[in-house]
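**Student:** below is the sequence, then the predicted model.
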Amino acid sequence: MAPGSLRVNHASVDELATRPAKDGTPRSERRDETLWASSAASVDGGGDVVKARSLVFDLFGDYLRYRGGEARLRSLVSLMGCFDVPGPTVRVVVARLRKDGWLSSRREGRETVYALTDAAWALLDEGRERIFHRAQGPWDGQWHMVIYSVPESERGLREQLRKKLAWFGFGPLSSSVWLSPHDRVGLVKEAFAEEPAVRLDVFRSRTSGAVEDRGIASRSWDLGELNRAYVDFLATYRPRLAAYRAGELQGAEALAERMCLIHEYRSFPFRDPDLPPELLPEGWNGRVAHDVFIEAHGLLRGPAEACVDALTGSTLLDERAG
């Protein structure tokens, strides 16, 4: 894929506005199917096909949230024009995000201003933590286990639970027994505290040694396939670092490249449990790929943000943007 190239799946946006979920549940009620999950799932093959819905949310997540968390509709249309997304499609997308509770809107004269809701802020904070940060410090050797029970009549809810477990870095030792080397059971319990159909039993356990621990890791996650995906990511982006450092990408090209980088990388937190070194196979490329992602994301920040500011007339308010 050429630098800065991003193909947008416009048809999926029109379908999204009218199509119910597979189990018949209105999408506005399926709040646990987060936009981070849908964004990762929207990437096709090498990551060059992206849903316009995901692009709008990413613009808020990586840029507009640090500029007050809101934007005029015409500014969103201008930004999405960098990805050849037409104005009518942008209007459909933001209307759907508003209906689903991720955006609110208000009128200022003849213009409509869209802003992040509290739910969207919380989701963006959660997603940023998983994508940009890695666990630090030595592993204490304890596995944190979740055993769940969900009625057969709640298969949609069961699938949401599995997605959330994967998002928090748990892997399936068996169909209903998931585990992680990190203590995140509290996050799982909190996420499903208002779902009486979900029963969760949590435990902590140790094995008899390192060999057994590595065996559990290899059974719970396909580390070989994941490592090959990291190799592909490095093959694409490591050679581009020199151009990023030299400032060769500017304007809309830098914005598109940075958005493409995020879409390429964001599926990894769903697949990578961020295992401690003791559990990783030899030749693991995950940490190197993460370092390349962080460097590339930072190098493209300046020109990409300059493009956003020029198109929206806004300025950076929160220095935590990165």
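**Tutor:** The structure has been received and is ready for your questions. Numbering: from 1, shown residues only.
**Student:** what's the mean pLDDT across the host helix or strand of Ala243?
**Tutor:** Using DSSP states H and E, Ala243 maps to helix 241-245. Here helix 241-245 scores 98 as its mean pLDDT.
**Student:** tell me how far that helix lies from the chain's centre.
**Tutor:** 24 Å (C-alpha atoms, centre = their mean, to the nearest Å).
**Student:** which residues does it contact?
**Tutor:** Here helix 241-245 makes contact (C-beta atoms under 8 Å, 6 or more residues apart in numbering) with Pro3, Leu249, Val292, Glu295, Ala296, Leu299, Leu300. Just so you know, the C-beta spots here come from the backbone N, C-alpha and C atoms, and that holds for glycine as well.
**Student:** and if we set it to 7 Å?
**Tutor:** For helix 241-245, the surrounding residues in contact (C-beta atoms under 7 Å, 6 or more residues apart in numbering) are Leu249, Val292, Glu295, Ala296, Leu299, Leu300.
**Student:** does the first one count as helix, strand or coil?
**Tutor:** By that I understand Leu249. Under DSSP: H, G, I helix; E, B strand; the rest coil, Leu249 falls in the coil class.
**Student:** quick check: closest non-adjacent residue to it.
**Tutor:** In this structure, Leu249 finds its nearest non-sequential neighbour in Glu257, 5.5 Å apart by C-beta to C-beta, 6 or more residues apart in numbering.
**Student:** pLDDT wise, what is the one you found at?
**Tutor:** With respect to pLDDT, Glu257 has a value of 96.
**Student:** strands of this structure, start to end?
**Tutor:** 7-9, 49-51, 70-72, 103-108, 111-116, 143-149, 171-174, 177-180, 199-205 (DSSP state E).
**Student:** nearest to Ser267, of these?
**Tutor:** strand 49-51 (11.9 Å; C-beta to C-beta).
**Student:** state the mean pLDDT of the closest one.
**Tutor:** Strand 49-51 comes out at a mean pLDDT of 58.
**Student:** related to what we said a few turns ago, what about the residue nearest to Leu249, how many neighbours?
**Tutor:** 24 (other C-beta atoms under 10 Å).
**Student:** ok, it to Tyr63 distance?
**Tutor:** Distance, Glu257 to Tyr63, using C-beta to C-beta, to the nearest Å: 14 Å.
**Student:** likewise for His182?
**Tutor:** On the measure of C-beta to C-beta, His182 and Tyr63 end up 30 Å apart.
**Student:** re the thing from before, quick one: buried residues of the helix holding Ala243?
**Tutor:** Residues of helix 241-245 classed as buried: Tyr244 (neighbour count, 16 or more other C-beta atoms under 10 Å).
**Student:** can you check stretch 73-81 too?
**Tutor:** Here stretch 73-81 shows Leu73, Ser75, Leu76, Val77, Ser78, Leu79, Met80 as buried, counting by 16+ other C-beta under 10 Å.
**Student:** who touches the second one in this structure?
**Tutor:** In this case it means Ser75. Counting by C-beta under 7 Å, 6+ apart, Ser75 touches Leu311, Thr312.
**Student:** rerun at 10 Å
**Tutor:** Contacts for Ser75 (C-beta atoms under 10 Å, 6 or more residues apart in numbering) come out as Leu59, Leu64, Arg67, Glu111, Val113, Tyr114, Val308, Leu311, Thr312, Gly313, Ser314.
**Student:** ok, so what distance separates Val90 from Ser105?
**Tutor:** Counting by C-beta to C-beta - Val90 and Ser105 are separated by 13 Å.
**Student:** now do the shared contacts for those two.
**Tutor:** Leu73.
**Student:** who's more crowded, the two?
**Tutor:** Val90 (22 against 14).
**Student:** next, the contact list for the more buried one, please.
**Tutor:** Contacts of Val90 (C-beta under 10 Å, 6+ apart): Val13, Ala52, Leu55, Val56, Leu73, Arg74, Leu76, Val77, Ser78, Leu79, Met80, Gly81.
**Student:** which of the contacts of helix 241-245 lies closest to Ala229?
**Tutor:** Val292 (13.4 Å).
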